[in-house]
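In: turn this into a structure:
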Amino acid sequence: MPVSLLALYRRPEGGDEALETFQRRYDQEHTPLMQRVPGLRTMHLAHVSRALTESDLVMTCEMVFDDAAALDAALASPEMRAAGRNIREIAPGLLTLVVVEPDRPSPDLDRPSAEPVSDEHQA
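Out: Next up, the predicted model:
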């Protein structure tokens, strides 16, 4: 079953210039390092467009692996260690990493919705 390493990035101090520098270095330095990580199937980068709760998150990255063993092997690889050194340099203190795995089936969102409530009691 696929497993994801989810990276959550907070806004760096220093305003828009600091954010632009982080994003440029992420794109130019970090992404090429991550592309070399063995077992990484997909990498989904997204910028936070708005937060519905108080948050200083500005970007997320979901890295998908075939299974937990593939993730563990990737984490132990020299390529991931190089990427880790790089991200600690360009995003010091800005990163939260979590591993997420499906633990139950997702709801079927394609099923028809429940029948509407009857209006027979209305005049």
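In: need the longest helix for the chain.
Out: helix 78-90 (DSSP state H).
In: flag every buried residue along that helix.
Out: 79-80, 83, 86-87, 90 (16 or more other Cβ atoms under 10 Å). Using the backbone N, CA and C atoms, a C-beta is placed for each residue, glycine as well.
In: what ranges do the helices span in this structure?
Out: Using DSSP H, helices in the chain cover 15-25, 31-34, 68-75, 78-90.
In: please tabulate those helices in TSV, including the columns mean pLDDT and distance to S55.
Out: What follows is the helices of the chain, written out as TSV (pLDDT from 0 to 100; distance: least, Cβ to Cβ, whole Å):
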stretch	mean pLDDT	distance to S55
helix 15-25	95	15
helix 31-34	97	23
helix 68-75	97	26
helix 78-90	97	20
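In: what is the neighbour count of the nearest residue to P102 once chain neighbours are set aside?
Out: Using Cβ to Cβ, 6 or more residues apart in numbering and skipping the chain neighbours, the partner closest in space to P102 is M1 (6.2 Å). Neighbours of M1 under the rule other Cβ atoms under 10 Å: 8.
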